[in-house]
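In: Quick check, what structure comes out for this input:
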Amino acid sequence: MKDGVNGVALGVFIFFFLAVTVMGFLAARWRRADDEHSLDEWGLGGRSFGTWVTWFLLGGDLYTAYTFVAVPAAIYAAGAAGFFAVPYTILVYPLIFTFLPRLWSVSHKHGYVTTSDFVRGRFGSKGLSLAVAVTGILATMPYIALQLVGIQAVLDVMGVGGGENTNWFVKDLPLLIAFGVLAAYTYSSGLRAPALIAFVKDTLIYIVIAVAIIYIPIKLGGFDEIFKAASDKYTAAGAGGLVPAEAGQWTYATLALGSALALFMYPHSITATLSSRSREVIRRNTTILPLYSLMLGLLALLGFMAIAAGVKVTNGQLAIPQLFENMFPDWFAGVAFAAIGIGALVPAAIMSIAAANLFTRNIYKDFIKPDATPQQETRVSKLVSLLVKVGALVFVLTMDKTVAINFQLLGGIWILQTFPALVGGLFTRWFHRWALLGGWAVGMLYGTLAAYGVASPTQKHFGGSSKEIPGIGEIGYIGLTAFVLNVVVSVVLTFALRAFNAPDGVDETSPEDYTADAGDAGVATELPPATAGSAH
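Out: Okay, here's the model as predicted:
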């Protein structure tokens, strides 16, 4: 690590940061609507984004600063096992092609803003809707915190903020400034801000990856040397070389599959999806988003390059920023750092908006103020988005970074438990609302307790997301095991409840709602009163 502040890199970083800040505030004027005081406008960008805006927004949403830092960091520390992120992003796109267009259609038809809106309308259950909303908020909070961790990693490598003995306020002042700017333009512009900034973010990331994958191997003597250095390191550490041991294959496969099932359960993924203007936009995006998976595969190789370049860090999250500083000219290192920094701002903004929408629509309006006007909803959502970001900032500043990472892993286990209610509800009304709630509770309880019992060299509890699968004896992803239990309980309870004729909720949707497009019978701006009848 270079001594002092890298002035050139910092200057380039500040230039791009100021540029996207200006864009963030100007975004309030972009496609301005006649009525800005509604969640459709502030929280979903007026549901007006086309194919390319949606593609950049979803890409900026899913491929975050944490992805940029953590995926190659996992390769750096653990070898090829860290590549699980590549197959799971390949698995996810055929999966979402089957259900995202249906979710968009029914949400467009009924004016749903969140997944919990849909669950409430489909199953006639505020309790199940509340469970989905609370799970979404809990899973999103540590995810936002990790975006701030990504910014902090870049600032640390650039030498900004002083050493460990520096006054805490001075040390964290750059992060506080970045947070303040993010909060201000998100409050002002809503989802339009990250949608506009995503163009800059993704362009920078593609440029940095393209240069890194060519320039760094040339400096290191080619990929033969890179893979040899990585293999030597893993062999010396007793990890068996580049390929994971046979014992780790179940972990790899279940983690990839479970992560694929969970990715589009996150509220921010759905917020970006519902902001698009037509069903066809969603279908197109599920076919072109895999381009990001190609980028992710190349990005993961940076972990091997960090080993070959002799990068030594105590915190693995610093490995890639340090590689960039060591290998690139200072000015291009600044570009790379800006890509990571802006890669944190875009998803953090979308995540805070998504969490705020869940609170406003499914807690505030459903349980606190049922007669809230669209203006009141928007005002509450803006304020909650600020509180969510403050909570994430406090989390980052007061807790060890490994704690934030482990809580994000726990969030992945939790959010997967909303899959049966959301995706199941898009295709069938067979599940009973109480059965889904019971399955969710079992999955959440098992997943949390199992994760609590996992230790690591630095953590007594919540030290990882893999544990022995009951009845199989192999080590696998806790979230997927909890999900299987969730589904089994939901099915068994549904049979039992239907046998006893337990009262079912009222379904306010109809079969044609799931294939409706933008031209069909306008969007409802408020949730319509429940109507009798059950779809599918």
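In: And residue 438, which helix or strand is it part of?
Out: Taking DSSP states H and E as the definition, residue 438 sits inside helix 433-452.
In: Does anything pack onto the helix or strand following that helix? Which helices or strands?
Out: Helices and strands here follow DSSP H and E; after helix 433-452, the next one along the chain is strand 466-468. Judged by 3 or more C-beta pairs under 8 Å, 6 or more residues apart in numbering; DSSP states H and E, the packing partners of strand 466-468 are helix 249-263, strand 475-477, helix 478-499. The way it works is simple: take the backbone N, C-alpha and C, and place the C-beta from them, glycine included.
In: okay, and for the stretch 151-300 of the chain, where does confidence drop off?
Out: 161-171, 238-242, 244 (pLDDT under 70).
In: mind listing what the residue most central in space within the chain touches?
Out: Nearest to the centroid of the C-alpha atoms of the chain, with distances taken as C-alpha atoms, centre = their mean, sits residue 62, at 5.3 Å. Counting by C-beta atoms under 8 Å, 6 or more residues apart in numbering, residue 62 touches 89, 263, 269, 289, 292, 347.
In: Restricted to helices, list those.
Out: For the contacts of residue 62, the ones inside helices are 89, 263, 269, 292, 347, with DSSP state H as the criterion.
In: quick check, nearest of these to residue 245?
Out: Distance to residue 245 across those (C-beta to C-beta) is lowest for residue 89, with 24.0 Å.
In: Can you give me the neighbour number for the closest one?
Out: Here the number of neighbours of residue 89 (other C-beta atoms under 10 Å) works out to 24.
In: surely it meets residue 292?
Out: Yes: if you go by C-beta atoms under 8 Å, residue 89 and residue 292 touch, sitting 7.0 Å apart.
In: who wins for neighbours among the contacts of residue 62?
Out: Among the contacts of residue 62, residue 347 has the most neighbours (other C-beta under 10 Å), with 29 neighbours.
In: I figured it was touching residue 64, is that so?
Out: Yes: judged on C-beta under 8 Å, residue 347 makes contact with residue 64 at a distance of 4.2 Å.
In: any chance of the ones in helices among the contacts of residue 62 in TSV, plus distance to residue 223?
Out: Putting the ones in helices among the contacts of residue 62 into TSV (distance: C-beta to C-beta, whole Å) gives the following:
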residue	distance to residue 223
89	22
263	29
269	34
292	22
347	31
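In: For residue 25, give me its contacts.
Out: Counted by C-beta under 8 Å, 6+ apart, residue 25 has contacts 184-185, 188-189, 193.
In: Same question for residue 489.
Out: Applying C-beta under 8 Å, 6+ apart to residue 489 gives the contacts 435, 438-439, 442-443.
In: Could I get these in a markdown table, plus columns for distance to residue 149?
Out: Formatted as a markdown table, the contacts of residue 489 follow (distance: C-beta to C-beta, whole Å):
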| residue | distance to residue 149 |
| --- | --- |
| 435 | 38 |
| 438 | 36 |
| 439 | 33 |
| 442 | 32 |
| 443 | 27 |
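In: Flag the shaky bits of this protein, pLDDT-wise.
Out: 1-3, 31-36, 161-171, 238-242, 244, 399-404, 519-536.
In: Scan it for its longest helix.
Out: What stands out as the longest helix in the chain, according to DSSP H, is helix 126-157.
In: Tell me the buried residues in that one?
Out: The neighbour-count check on helix 126-157 (16 or more other C-beta atoms under 10 Å) flags 126, 128-157 as buried.
In: next structured bit after that helix?
Out: Counting by DSSP H and E, the next helix or strand C-terminal to helix 126-157 is helix 168-189.
In: I'd like the distance from that following helix to the chain centre, please.
Out: Put simply, helix 168-189 sits 20 Å off its chain's centre (C-alpha atoms, centre = their mean, to the nearest Å).
In: go on, stretch 307-323?
Out: Averaged C-alpha coordinates place stretch 307-323 at 24 Å from its chain's average position (C-alpha atoms, centre = their mean).
In: who's in contact with it?
Out: Stretch 307-323 is touched from outside by 1, 68-70, 72-74, 76-77, 149-150, 153-154, 156-157, 216, 220, 225-226, 229-230, 233, 302-303, 305-306, 326-327, 336-337, 340, 401, with contacts defined as C-beta under 8 Å, 6+ apart.
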